[in-house]
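# Sequence and computational prediction follow.
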Amino acid sequence: MPEKSFLSVKSPKELSLYFNLEYAAFSKIFYKTASDYKYKKFYLSKKTGGKRIISSPNRKIKEIQRCLAYTLKNIYQVRPSVHGFVEKHSIVTNAMPHLDKKFVLNLDIKNFFDSIHFGRVKHLFMSQPFNFVHSVATVLAQICCFENKLPQGAPTSPILTNMICWKMDAQLQHLAKINHCTYTRYVDDITFSFTCNKKQIPKSILIQPESELVVGQDLKIIIEKNGFEINLAKLRLYGRNQRMEVTGLTTNEFPNVRRKYIKQIQSMLHAWRKYGYGLAEKDFKEKYYKKHRASQKIPSFENVIIGKLAFLKSVRGLRSQVFIKLAKQFNDLTESGKMKFNYIEKTKDETDISNSLWVIEVLYNDKNGILKAGQGTGFYFENKGLITCAHVVSENDENFEKINAFQFDKPSKKYLLKIKKIDNHRDIALCEFSDCTMNDIQINKLDSITVSNDQISQFLEVKLFGFPAYKIGQTPYIADAKIATIYTQSAVSKFEIDHQIREGNSGGPILNKDNKLIGVALEGAEKGSGSNGCLQLDEIVKFIN
């Protein structure tokens with residue numbers, strides 16, 4: 001393994017051999033080359049104004065940095081709260097944990113890359129898990145730094161920022177945990193979100209005088225003791241009555257782009273369709289790229305649309321009606337044989353399954369006597385009754401007194417439920433409709449979910465159905481996912497999916513690609529279970545029988 005031989009390096013000469021270079025050639029690259037030839041500088045415009053300096057290393061330095069970055073990525077232990085510069089993570093995965101919250105707090109680290117100077121990088125390499133001698137740590141810092149700091153544009157800079165922040169991320173995760181809120185970091189963007197009322201936002205994170213927001217002492221101390229400074233000019237608190245943003249995406253209901261972004265794609269496709277490709281491209285370049293491009297190389301009009309649609313797909317997904325509509329327009333306009341976008345339209349079976357789902361609504365008094373409401377998902381199972389999660393219809397092993405169920409297209413027609421059977425250990429409940437309401441429910445038409453006889457396996461493609469954060473008029477949500485892991489927890493068979501299970505989706509069925517039931521969605525990673533866990537079908541059968 002390359003990381004083992006890397007960690008065993010004892011001298012600068014051994015380090016040069018790790019990069020397949022004689023020490024003389026290695027020294028020439030870093031010590032006998034003028035600074036102007038080591039890096040090329042250029043500037044990019046920031047969205048908020050000003051310029052960002054990008055320092056791109058020359059070919060030889062970049063090759064060494066790429067090799068080092070690959071090794072460092074294998075050594076780095078990813079914190080669950082970190083989403084920037086991490087494989088299979090993005091601004092979308094960074095936004096997901098903050099969905100369905102009452103308040104979102106955004107703050108920014110001031111001069112993030114510049115504050116990670118040569119001394120900090122050298123100290124990192126002299127600490128765990130590296131423990132390099134002073135000479136080796138110094139050479140590694142010289143490989144990674146330019147003008148006494150981490151250069152934006154070097155392959156090693158992203159992974160080093162995450163390693164430098166490793167301790168801080170652990171401390172901020174703990175701060176969020178003890179204050180019952182959620183924390184994520186995407187590079188220099190830090191986000192906390194809260195389910196409590198504004199007055200209950202913990203003072204250790206945010207103090208709210210009438211005039212302006214003030215960062216809480218605990219949060220301030222953690223960031224400053226880790227060698228960073230908060231950019232107070234970018235401190236923002238958003239509530240549900242505002243557009244709640246996390247790394248540029250809205251999080252009020254689901255990860256979304258701004259309307260302006262959608263309208264721009266629509267106008268570009270409209271111009272292509274109405275005036276033809278040539279005129280549409282000429283007009284677009286004149287309007288946008290003369291003032292927005294940092295380099296002279298201008299991408300084609302078609303490639304710009306492809307990039308925008310690809311980003312929209314990554315945010316909204318293949319089932320998004322907005323994405324499907326725009327993708328169809330693009331596919332019709334582009335020449336045959338060129339790239340076309342795939343999308344997923346709801347099938348008849350998926351429609352029937354969606355129509356068989358139930359929104360479960362509960363009303364209860366909390367420990368302070370305050371009336372609370374909760375929601376979940378349920379589905380009718382093999383004429384046995386309505387399946388959902390135990391935590392949807394109970395709390396602290398006490399069943400809620402008032403439990404209603406209704407279908408998404410008939411929200412005013414609610415039916416009273418009573419718990420027939422419950423297993424808090426498995427987190428599953430079987431409910432039935434009260435006798436007084438059974439006459440007008442045609443159960444036989446709602447039993448559209450059948451069980452699978454196949455074994456589940458890791459990476460199996462699955463679908464999650466349900467009603468996350470249900471609002472009147474909302475149709476059933478379908479998410480395409482894969483089984484990430486299969487595991488046993490407290491003698492209960494479960495599996496984890498690689499998609500966020502949101503509040504309100506608990507109790508929703510997990511189906512395979514043939515639309516057969518293989519499990520039930522439990523609580524998401526944000527609810528303390530640590531994973532987006534699902535109960536396996538075998539456990540449901542055991543529970544019912």
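Cool, got the structure.

# Every contact and neighbour count from this point should use C-alpha atoms.
OK.

# measure the spatially closest residue to Asn179 that is not a sequence neighbour to Leu371 for me?
Closest residue to Asn179 in three dimensions, ignoring its sequence neighbours and counting by C-alpha to C-alpha, 6 or more residues apart in numbering: Pro202, at 6.5 Å. Pro202 is 22 Å from Leu371, where distance means C-alpha to C-alpha, to the nearest Å.

# who has more neighbours, the two?
Neighbour tally, Pro202 and Leu371, criterion other C-alpha atoms under 10 Å: the higher count belongs to Pro202, 18 against 10.

# What values do phi and psi take at the more buried one?
phi -60, psi 130 (degrees, to the nearest 10).

# my read: it touches His180, true?
No. Between Pro202 and His180 there is no contact under C-alpha atoms under 8 Å: 9.0 Å.

# Can you list the buried residues in stretch 60-74?
Of the residues in stretch 60-74, Ile61, Lys62, Ile64, Gln65, Leu68, Ala69, Thr71, Leu72, Lys73 count as buried by neighbour count, 16 or more other C-alpha atoms under 10 Å.

# quick one, longest strand in this protein?
When the chain is parsed with DSSP state E, its longest strand is strand 477-489.

# Show me the helices in the stretch 201-350 of the chain, by range?
217-225, 259-275, 277-284, 290-292, 301-316, 321-333, 348-355 (DSSP state H, counting those that start in this stretch).

# Give me the secondary structure label for the closest residue to Val246 other than its chain neighbours.
Among residues not flanking Val246 along the chain, Ala95 sits closest, at 5.5 Å (C-alpha to C-alpha, 6+ apart). Secondary structure, DSSP: H, G, I helix; E, B strand; the rest coil: Ala95 is helix.

# Find me the pLDDT at Ala95, would you?
For Ala95, the pLDDT comes out at 94.

# Quick check: the gap between the residue nearest to Asn179 and Arg185.
Distance, Pro202 to Arg185, using C-alpha to C-alpha: 19 Å.

# do the same with Ile64
In this view, Ile64 and Arg185 are 28 Å apart by C-alpha to C-alpha.

# Over to Ile29?
To Arg185, Ile29 is 35 Å away according to C-alpha to C-alpha.

# okay, those two: which has more neighbours?
More neighbours surround Arg185 than the other of Ile29 and Arg185, with 27 against 17 (other C-alpha under 10 Å).

# Dihedrals phi and psi, the more buried one?
Main-chain dihedrals, Arg185, degrees, to the nearest 10: phi -130, psi 130.

# What of Phe459?
Per-residue torsions, Phe459: phi 70, psi 10 (degrees, to the nearest 10).

# Quick check: the gap between it and Ile510.
Distance of Phe459 to Ile510, computed by C-alpha to C-alpha: 14 Å.

# Compare neighbour counts for the two and give me the winner.
Ranked by neighbour count (other C-alpha under 10 Å), Phe459 and Ile510 place Ile510 first, with 26 against 14.

# Spell out the secondary structure type for that one.
strand.

# Report the beta-bridge partners for it.
Leu464, Gly519 (DSSP bridges).

# Assess the claim that it and Asn532 are in contact.
No. In this structure, Ile510 is not within contact of Asn532 by C-alpha under 8 Å, at 12.0 Å.

# Give the residues shared as contacts by these two.
Residues touching both Ile510 and Asn532 by C-alpha atoms under 8 Å, 6 or more residues apart in numbering: Ala521.

# any weak-confidence spans in the stretch 1-150 of the chain?
Where the stretch 1-150 of the chain drops to pLDDT under 70, the residues are 1, 47-49.
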